[in-house]
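# Give me a model of this one.
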Amino acid sequence: MSRFPPDSPALPGPGAGAANADAAEAARRLERTEAERDEALRQAIFVEQQRDIARDMALRFEREADALRRDFAHLLNDDLARHATALKTLASTFESRLAGREPSLAQLASLMMQSTDAMLAAIRDSITRIRADSSAGNGLPDGLRALVEDWRLRRPDMRFELLLEPADDSEFGLGSSALETAAVRLVAHALGNAVDHARAAMVVVSARRTGARLTLQISDDGRGLPRGDIAEGPGLRAMRELVVRLGGSLLVDTGESGGAEVLVELPWP
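Residues are numbered from 1 along each chain as shown. Purely as a prediction, here's the structure:
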């Protein structure tokens with residue numbers, strides 16, 4: 001006869017304690033996993049917020065830098081260039097008045113004129129660089145449009161044309177910031193040469209992107225290149241060094257219209 005009544009609960013077997021312990025451990029692991037997941041989500045949200053803050057700060061600093069560049073360009077153009085031009089006018093007056101009476105002083109006045117010419121060229125180059133930096137922030141097509149429009153305002157007696165292929169900015173695409181800034185600088189320098197040295201009446205700027213390649217062409221109808229082997233000046237040498245650093249090539253030759261033609265090939269990653 002059994003010592004336990006029929007309706008008494010059965011005692012747990014020897015494996016029940018281990019199963020309960022495993023279940024408790026699994027519950028604790030699940031709780032830790034969920035806590036770690038929640039912490040990872042909080043960290044991801046924090047990182048995203050910090051990235052948004054950093055992006056907003058970068059955009060604000062870029063806008064402030066653009067404003068400073070514009071102010072500095074106005075300072076160079078309105079003040080320094082104006083004073084340098086006045087100094088050149090005075091030197092020219094002294095040279096003409098002293099040419100017959102004091103040749104040595106007239107020669108000094110001529111040297112003053114050459115110095116002011118160099119000063120004005122340096123000021124124009126600085127302005128071009130500043131405007132190129134500020135124009136390249138919205139994409140290469142916009143940067144080239146701003147550059148060409150700037151020259152139209154500065155030299156209404158000349159004709160400036162811009163050809164873009166593809167014509168649609170979204171199809172033209174975006175390159176790296178360094179590449180687009182360099183491209184605008186190269187075009188700016190070539191335009192400056194055409195205006196200052198080529199005696200051109202028209203300059204055509206062409207930018208063509210085909211796949212992973214960018215082709216820049218700046219052509220003028222000026223007096224063309226001098227005959228014979230002419231050593232590269234510092235400006236052209238600086239342009240070539242910049243193109244080589246970017247992995248491209250630069251060619252300066254006589255164009256179809258008889259003037260000078262600058263052809264630049266650059267990678268477009």
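# Please make it C-alpha for all contacts and neighbour counts, starting now.
Noted.
# and the gap between the residue lying closest to residue 84 once chain neighbours are set aside and residue 219?
Distances taken as C-alpha to C-alpha, 6 or more residues apart in numbering put residue 116 closest to residue 84, at 5.9 Å, once the chain neighbours are dropped. Distance check for residue 116 against residue 219: by C-alpha to C-alpha, to the nearest Å, it reads 29 Å.
# Please compare the two by neighbour count and tell me which comes out ahead.
residue 219 (27 against 21; other C-alpha atoms under 10 Å).
# one step back: quick check, the residue nearest to residue 84 in a strand?
No. Using DSSP: H, G, I helix; E, B strand; the rest coil, the assignment for residue 116 is helix, not a strand.
# Just to check, it is in contact with residue 85?
Yes. Counting by C-alpha atoms under 8 Å, residue 116 touches residue 85, with 7.4 Å between them.
# Tell me which stretches of the protein form strands.
Secondary structure of the chain by DSSP state E: the strands cover 159-165, 202-210, 213-220, 249-254, 260-267.
# Turn those strands into a markdown table, columns for mean pLDDT and distance to residue 194.
Compiled in a markdown table, the strands of the chain are given as follows (pLDDT from 0 to 100; distance: least, C-alpha to C-alpha, whole Å):
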| stretch | mean pLDDT | distance to residue 194 |
| --- | --- | --- |
| strand 159-165 | 94 | 11 |
| strand 202-210 | 94 | 7 |
| strand 213-220 | 94 | 7 |
| strand 249-254 | 90 | 12 |
| strand 260-267 | 92 | 8 |
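# Out of these, which is closest to residue 27?
Minimum separation from residue 27 across these (C-alpha to C-alpha) falls at strand 260-267, 57.5 Å.
# from the middle of its chain, how far away would that closest one be?
17 Å (C-alpha atoms, centre = their mean, to the nearest Å).
# Out of the strands of the chain, flag the one nearest residue 105.
strand 260-267 (38.4 Å).
# and that closest one, what other elements does it pack with?
Other helices and strands packing on strand 260-267, by 3 or more C-alpha pairs under 8 Å, 6 or more residues apart in numbering; DSSP states H and E, are strand 213-220, strand 249-254.
# could these go into JSON lines alongside distance to residue 106?
Shown next, in JSON lines, are the helices and strands packed on strand 260-267 (distance: least, C-alpha to C-alpha, whole Å):
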{"stretch": "strand 213-220", "distance to residue 106": "36"}
{"stretch": "strand 249-254", "distance to residue 106": "38"}
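# who's in contact with residue 262?
Residues counted as contacts of residue 262 (C-alpha atoms under 8 Å, 6 or more residues apart in numbering) are 190, 216-219, 250-253.
# and those residues as JSON lines, adding distance to residue 238?
Formatted as JSON lines, the contacts of residue 262 follow (distance: C-alpha to C-alpha, whole Å):
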{"residue": "190", "distance to residue 238": "12"}
{"residue": "216", "distance to residue 238": "17"}
{"residue": "217", "distance to residue 238": "17"}
{"residue": "218", "distance to residue 238": "17"}
{"residue": "219", "distance to residue 238": "19"}
{"residue": "250", "distance to residue 238": "11"}
{"residue": "251", "distance to residue 238": "13"}
{"residue": "252", "distance to residue 238": "14"}
{"residue": "253", "distance to residue 238": "17"}
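# Sounds good, over and out.
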